[in-house]
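*Asks:* Below is the sequence, then the predicted model.
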Amino acid sequence: MPIEKFSTIISTCVPMPIENVDTDQIIPARFLKATSREGFGDNLFRDWRYDKNDQPKADFVLNNKTWTGTVLVAGKNFGSGSSREHAAWALYDYGFRVVVSSFFADIFKNNALNNGLLPVQVSDGFLSDLFKEVKADPALKVKVDLENQTITLMSSGKSENFDINPYKKTCMLKGYDDIDYLLSIKDNILHFEKNKMC
Amino acid sequence: MAGKTLFDKVWDSHVVEKIDKGPNVLYIDRHLIHEVTSPVAFTGLERRGLKVLRPQQTVATADHNVPTTDQHLPIRDMLSRSQVDKLTENCKKHDITLYGLNHPYQGIVHVIGPELGLTQPGMTIVCGDSHTATHGAFGSVAFGIGTSEIEMVLASQCIMQPKPKKMRIIVDGNLKKGVTAKDIILYIISRISASGGTGYFIEYAGSAIRNLSMEGRMTVCNMSIECGARGGLIAPDEVTYNYLKGREFAPKDEDWDKAVEYWKSLNTDADTAFDLELRYDAADIEPMITFGTNPGMGMKIVDNIPDGSSLAENEKPSFFKSLQYMDIQPGTPMLGRKVDYVFVGSCTNGRIEDLRAFAGFVRGKKKAEDIVAWIVPGSKQVEKQAREEGLVAILEEAGFALRQPGCSACLAMNDDKVPEGKYAVSTSNRNFEGRQGPGSRTFLVSPLTAAAAALTGKITDPRDFL
Ligand code: SF4
């Protein structure tokens, strides 16, 4: 399925200063049965969000209306554990478009990029500043500019560059998955066919 | 390291584009599809409103799920029938050539590709089946792909793939009597384990490989995936050209000469380094058999089953669990163990030469009474040829019947299932738990060893009859 184009995002943040958030927490295994990508957002962080009686836990950040937005800010080593792509689907389906952390698990990072969710890796210093400022002012906005690979705190103007694989960047900017990418280079493919020797 | 390997030559000449820190965009010459892994890809394609870019480069057949008797009747199994119908519908809609049931060219994808001359040296070939490496026997780069990649090929005739590492396995010397291509590959996998080839593409070389027929080379390449490798290939030579010449889709006339000239350049340059190189002596190889539940658990048929004492502590649990599933005791002999089923077929050993070997072996003898034998030709053409050569008559005389072509008990999606707890001696490629039917127990062997078991009802060294 083609993914949504990623244009520059300016949004408030949801802070989750927890390290090593693994994919089992993001979406517990018992919710993996569905066969399409949609609908996983309801069970995002299920066991942190709801108690045994399916009542929202007041102390969990997603249940606190003070912090909203499409940018999730999380502690170091986000997305470790199982390779389930459902983790990225769940975050996306819930409404997140960016996850900011100081380190991402490899497979999660790829899964996220393949599904239109941008992982933004920042320095430890930037991350702790971001946590502090968002805590102090829930209305603080960040600007995530994929074209220029920068993340900026709109209040102070403090900014940092982030890395992304150039191919994946193009895919995100254009809203492409691998098939869309292949279609976008169709002229090259046709040219290649013409010049092939056998 | 100035030179290039055979694999480099074929791969590099198909790279449309190299993505920075990403995969290569690889152009695909031939795409083979079948009823089981293609339907979701077509659905995806249609959802995007796309057409198949090069329908003439995709060829379809029905093989994985089809019955091997009464193929002229409507398929009884509903899942099988709907998959075959869906394939027919998709091929019609997208102008793809289909060799469906009852077509004279129908058969297992990896059997019909070569026999129709669709498989040629220097090509890139993919199929939604992990034994696509079979086609590597011709010096092509061939490997199995997933459903989303099938969709990519249909849409763009390309896939995105990181380039694998390179391994060369050299087998030199003469094979002993009663030792076949299947024994070579079972031997190799038993030496490097079921994961020893992970991340690699293997080139098979050496005089023992050169001396194999095309069919034998296909058997070797076919099982590359069983040691974890992406694929395997062998440089083309006179044996390859002779096999291809005159085949339906092989180049003709001047095109043939031009093709052969190009094919002659397809070999590994002398000054080339591989990421890994292994050497074996053909004289060390004997008739092989697997005793466990992955193809790496193989041994010489005359040996005793390993007792596990040489294994690392962390390997022991899965080793003993496997023997428990097979219900066999460590340290005991394989020879003489009772067998219930014999399966001769699959893309590993379902070609005419395999049927010839089996028929030649059982000629003038009688099938063991309590053995159920499924002899399944790899294709309609193999079936026809077996009839014309008189093999069917020989088989029937010895108490065997030839079924109709398909994957059959290789993956047991159709009715050819080995019942729970029963032992099957099989010429196919996988001995996983339940592969040949829920609870089934599989010993992988060559067609000769299968024939010996079919005559005695027990695991038997085929050399006893030679
Ligand atoms: S015979 Fe077995 S391995 Fe070969 S194509 Fe069929 S299912 Fe796959």
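*Replies:* Right, received. Where do you want to start? Numbering: from 1, shown residues only, chains lettered A, B, ... in the order given.
*Asks:* C-alpha from now on. contacts and neighbour counts both.
*Replies:* Will do.
*Asks:* wait, isn't B:E383 in contact with B:A401?
*Replies:* No. The criterion here is CA atoms under 8 Å, and B:E383 misses it with B:A401 at 11.5 Å.
*Asks:* now the helix or strand of chain A with the lowest mean pLDDT, how far from the centre of its chain.
*Replies:* Lowest by mean pLDDT, DSSP states H and E among the helices and strands of chain A is helix A:106-114, with a mean of 80. Helix A:106-114 sits 9 Å away from the centroid of its parent chain (CA atoms, centre = their mean, to the nearest Å).
*Asks:* That helix near chain B anywhere?
*Replies:* No. Helix A:106-114 stays clear of chain B (CA under 8 Å from any CA of the partner chain), getting no nearer than 11.3 Å.
*Asks:* Could you look up the next helix or strand downstream of that helix?
*Replies:* Using DSSP states H and E, the helix or strand that directly follows helix A:106-114 along the chain is strand A:118-121.
*Asks:* And that next one, what does it pack against?
*Replies:* If contacts are counted by 3 or more CA pairs under 8 Å, 6 or more residues apart in numbering or on different chains; DSSP states H and E, strand A:118-121 sits against strand A:98-101, helix A:106-114.
*Asks:* Just the buried residues of the shortest one, please?
*Replies:* Within strand A:98-101, the residues that count as buried by 16 or more other CA atoms under 10 Å in any protein chain shown are A:98-101.
*Asks:* swap in the last one?
*Replies:* For helix A:106-114, the buried set under the neighbour-count rule, 16+ other CA under 10 Å, comprises A:107-114.
*Asks:* Which one of B:E383 and B:A401 is surrounded by more residues?
*Replies:* B:E383 (24 against 16; other CA atoms under 10 Å in any protein chain shown).
*Asks:* Show me what the strand or helix carrying that one is packed up against.
*Replies:* Using DSSP H and E, B:E383 maps to helix B:380-388. For helix B:380-388, the packing partners by 3+ CA pairs under 8 Å, 6+ apart come out as helix B:352-362.
*Asks:* So which elements touch the helix it packs on?
*Replies:* Going by 3+ CA pairs under 8 Å, 6+ apart, helix B:352-362 lies up against helix B:380-388, helix B:391-397, helix B:447-456.
*Asks:* hmm, 10 Å instead?
*Replies:* If contacts are counted by 3 or more CA pairs under 10 Å, 6 or more residues apart in numbering or on different chains; DSSP states H and E, helix B:352-362 sits against helix B:214-222, strand B:341-344, helix B:380-388, helix B:391-397, helix B:447-456.
*Asks:* JSON lines for these, including mean pLDDT?
*Replies:* Formatted as JSON lines, the helices and strands packed on helix B:352-362 follow (pLDDT from 0 to 100):
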{"stretch": "helix B:214-222", "mean pLDDT": "98"}
{"stretch": "strand B:341-344", "mean pLDDT": "98"}
{"stretch": "helix B:380-388", "mean pLDDT": "98"}
{"stretch": "helix B:391-397", "mean pLDDT": "98"}
{"stretch": "helix B:447-456", "mean pLDDT": "98"}
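*Asks:* The ligand: which of these is closest?
*Replies:* Taking CA to the nearest ligand atom, helix B:214-222 is the member of the helices and strands packed on helix B:352-362 nearest to the ligand, at 8.3 Å.
*Asks:* Give me the distance between the spatially closest residue to B:Q157 that is not a sequence neighbour and B:E313.
*Replies:* Spatial nearest neighbour of B:Q157, chain neighbours left out: B:I28 (5.5 Å); criterion: CA to CA, 6 or more residues apart in numbering or on different chains. Counting by CA to CA, to the nearest Å, the gap from B:I28 to B:E313 is 44 Å.
*Asks:* neighbour count winner among those two?
*Replies:* Applying other CA under 10 Å to B:I28 and B:E313 shows that B:I28 carries more neighbours, namely 22 against 9.
*Asks:* is the ligand contacted by stretch B:433-449?
*Replies:* No. Stretch B:433-449 is not in contact with the ligand by CA under 6 Å from any ligand atom; minimum separation 9.9 Å.
*Asks:* what about that stretch, distance to the chain center?
*Replies:* 15 Å.
*Asks:* Stretch A:72-85 too?
*Replies:* 10 Å.
*Asks:* Span of it from start to end?
*Replies:* End to end - CA to CA - stretch A:72-85 spans 18 Å.
*Asks:* host element of whichever residue of chain A sits closest to chain B?
*Replies:* Closest residue of chain A to chain B, CA to the nearest CA: A:I179 (5.5 Å). Element membership of A:I179 [criterion: DSSP H and E] is helix A:178-184.
*Asks:* Can you name the secondary structure element that comes next after that helix?
*Replies:* Scanning forward in sequence from helix A:178-184 by DSSP H and E, the next helix or strand is helix A:186-195.
*Asks:* ok, residues contacting stretch B:299-306?
*Replies:* If you take CA atoms under 10 Å, 6 or more residues apart in numbering or on different chains as the criterion, stretch B:299-306 is touched by B:183, B:186-187, B:189-191, B:284-292, B:297-298, B:319, B:323, B:328-335, B:445, B:449, B:459-462.
*Asks:* and it, which residues are buried?
*Replies:* B:299-302, B:304-306.
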